[in-house]
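Asks: Quick one, structure for this:
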Amino acid sequence: MSESKTLTSTKDLDRVLGKKDFFAIAVGQIIGAGIFSLLPQAIGLTGRSASIAFAIAAIITLLKLAPRLFVLGTVRMRGGSYTYIALLSTKMLAGAYLIIHILSNISLSMYALSIGEYFGQAVQGINVRVVAVIILTLVMMVNIIGVKNASIVQQVLVVCLMIALAVFTAFGIFRVDFTAYVQPQGFLTDGPLGFCSAAAILTFACGGAQNIINFSAEAKDPTKDMPFVIILSTVVVAIFYAFMAVVATGVLPIDVVQGQPLSLVAAEILPGPLYVFFLIGGAMFALMTTLNAQMGWCTKPLLQGCVDGWLPKKFGAINSRFKTPHNLILFFYLVGLLPLIFGFNMNTISGTAVFASNIMDVLLAIFVFRLPQVIPTEWNRSRWHTSTSVLWFWTIAGTLASIFGAYMSLRTMTWPKMAVNLCVCVAALLFGYFREKSGKVDMEVSYEAQ
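Replies: Residues are numbered from 1 along each chain as shown. Predicted structure coming up:
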């Protein structure tokens, strides 16, 4: 591979991604395998009203993301969410964010292993961890040869994924007993509290589009494209989910499907070949698109962190041919690979930095009120410019929604997971504090007016 030591800045990345690319990335990031486990849980909590719970979940998700749209619509943030934190809060929190970001991306191994497990169900006796390593390696190679190539792969996978979900919905909708929906039985099966709990759970299935912020340095027009795609992808996926919920609760008796996997209904409504296509194109490709998207965006905050001195500058070297941060891609490949090789417990992995990441979501929302103070000229020219009172309204609404998400993640944790997350928060803050005091941090302006 041809390399150049002069390419070490987020300014050197290719600006080649547009709306179509971001839509595929956002949809692939939102639709993970979580929907296949979370929808049955929601049905168990609220019955046929799960489809309505999806609408509420989408609204909560958009409220949570609303403050970020004002920032995204104002400036290009070359370091993605790291630049966002650095712009609106403090140096120490920007440094702390990088540590939380690294640890939270251990989830790469979880997605790869889940793909291996699905593959193992289809091919008996195969070593699922070997499959997971192969999948992770292929995704790494796709991303290292260029962000546009990875985007093309993402678009193909997302098309297959959407077709699989559409097949499930189309075949199932004609089997739905709609007379059941005009009867009170089966609705709000656990009362208003169960409905609220279902909506809260489903917010985890509707989130993810905001991660496209980390492709800002590679976007053609981020301030125009990204807010539009975040809103559109979240709404489109929520509508898909709602129709899937109608099928999942309307074909078989509600007491039969409560808490059961979607494959139970799929086996009832789909002929054999389409059932297999639903399992592969649905569940496996949902994981593949999430894994591919994450491998693409996880490097950008660290790349800007290298430029700013939080990490060694050479660590952020960019390949002169493909314009990708190859060292960082290989680093996150190892972050995902090592748990697979050493057989780490997936429950521990799934809990690592979850609450800490949610705390960062709160910070991403709460500091938006500072936007007119930190970049007044850019804010006044922004297409998202609004009055101070309106900005405060959305800041408060987004902060409350983010606190709700943090609370929901906390209440589902075991004490050991809470302890892990507390240690992550403390370690991240200590890193931010001492690295800043070292004098080695010299943060450049990594946002640009459009």
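
Asks: where in this protein is pLDDT low?
Replies: 1-7, 33-34, 346-353, 412 (pLDDT under 70).

Asks: 50 instead, please
Replies: Along the chain, the parts satisfying pLDDT under 50 run over 1-5.

Asks: Can you give the distance of the lengthiest helix in it from its chain's centre?
Replies: Ranked by number of residues, the top helix in the chain under DSSP state H is helix 222-250. Mean C-alpha position of helix 222-250 versus that of the full chain (Cα atoms, centre = their mean, to the nearest Å) differs by 14 Å.

Asks: can you check stretch 46-64 too?
Replies: The answer for stretch 46-64 is 18 Å, by Cα atoms, centre = their mean.

Asks: what's the residue positioned nearest the centre of the chain sitting at in phi/psi?
Replies: Closest residue to the average C-alpha location of the chain: Gly208 at 3.0 Å, with Cα atoms, centre = their mean. Main-chain dihedrals, Gly208, degrees, to the nearest 10: phi 130, psi -30.

Asks: That one against Ala26, yeah?
Replies: Yes. Taking contacts as Cβ atoms under 8 Å, Gly208 lies within contact range of Ala26: 7.2 Å. From N, CA and C alone the C-beta is placed, and that goes for glycine too.

Asks: which neighbours do these two share?
Replies: Listed as contacting both Gly208 and Ala26 by Cβ atoms under 8 Å, 6 or more residues apart in numbering is no residue at all.

Asks: just to revisit the earlier point, going by neighbour count, list what's buried in the longest helix of the chain.
Replies: Residues of helix 222-250 classed as buried: 222-238, 240-250 (neighbour count, 16 or more other Cβ atoms under 10 Å).

Asks: and what of stretch 360-372?
Replies: Applying 16+ other Cβ under 10 Å to stretch 360-372 flags Met360, Asp361, Val362, Leu363, Leu364, Ala365, Ile366, Phe367, Val368, Phe369, Leu371, Pro372 as buried.

Asks: how about the nearest residue to Thr10, chain neighbours excluded?
Replies: Nearest residue to Thr10, sequence neighbours excluded (Cβ to Cβ, 6 or more residues apart in numbering): Arg78, at 3.7 Å.

Asks: What is the burial count for Gly207?
Replies: Residues near Gly207, counting by other Cβ atoms under 10 Å, number 24.

Asks: Can you tell me the closest non-neighbouring residue to it?
Replies: According to Cβ to Cβ, 6+ apart, the nearest residue to Gly207 is Thr61 (5.2 Å).

Asks: Show me what secondary structure element comes after the helix or strand that contains the one you found.
Replies: Per DSSP states H and E, Thr61 falls inside helix 50-72. Next along the chain after helix 50-72, taking DSSP H and E as the criterion, comes strand 75-77.

Asks: With distance to Pro325 as extra columns, can I get the buried residues of stretch 360-372 in TSV?
Replies: Below are the buried residues of stretch 360-372 laid out as TSV (distance: Cβ to Cβ, whole Å):
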residue	distance to Pro325
Met360	21
Asp361	24
Val362	28
Leu363	25
Leu364	23
Ala365	28
Ile366	30
Phe367	27
Val368	28
Phe369	32
Leu371	28
Pro372	33
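
Asks: Okay, and which of these map to helices?
Replies: Judged by DSSP H, helices contain the following of the buried residues of stretch 360-372: Met360, Asp361, Val362, Leu363, Leu364, Ala365, Ile366, Leu371, Pro372.

Asks: Can you tell me which of those residues is nearest Ile280?
Replies: Asp361 (32.4 Å; Cβ to Cβ).

Asks: What separation do you get for Phe367 and Val390?
Replies: Per Cβ to Cβ, to the nearest Å, Phe367 is found 17 Å from Val390.

Asks: for the protein, what spans make up the strands?
Replies: 75-77, 447-449 (DSSP state E).

Asks: What is the last one packed up against?
Replies: Yep, that's strand 447-449 we're talking about. Strand 447-449 is packed against strand 75-77, helix 376-381, with contacts defined by 3 or more Cβ pairs under 8 Å, 6 or more residues apart in numbering; DSSP states H and E.

Asks: For the stretch 251-400 of the chain, which segments count as helices?
Replies: Ranges of helices in the stretch 251-400 of the chain, per DSSP state H, counting those that start in this stretch, are 254-257, 262-269, 272-277, 285-297, 299-308, 326-342, 346-351, 354-366, 371-374, 376-381, 388-411.

Asks: Switch those helices over to JSON lines; also include distance to Ala164.
Replies: Output for these, formatted as JSON lines (distance: least, Cβ to Cβ, whole Å):
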{"stretch": "helix 254-257", "distance to Ala164": "19"}
{"stretch": "helix 262-269", "distance to Ala164": "10"}
{"stretch": "helix 272-277", "distance to Ala164": "6"}
{"stretch": "helix 285-297", "distance to Ala164": "7"}
{"stretch": "helix 299-308", "distance to Ala164": "29"}
{"stretch": "helix 326-342", "distance to Ala164": "25"}
{"stretch": "helix 346-351", "distance to Ala164": "24"}
{"stretch": "helix 354-366", "distance to Ala164": "28"}
{"stretch": "helix 371-374", "distance to Ala164": "40"}
{"stretch": "helix 376-381", "distance to Ala164": "42"}
{"stretch": "helix 388-411", "distance to Ala164": "28"}
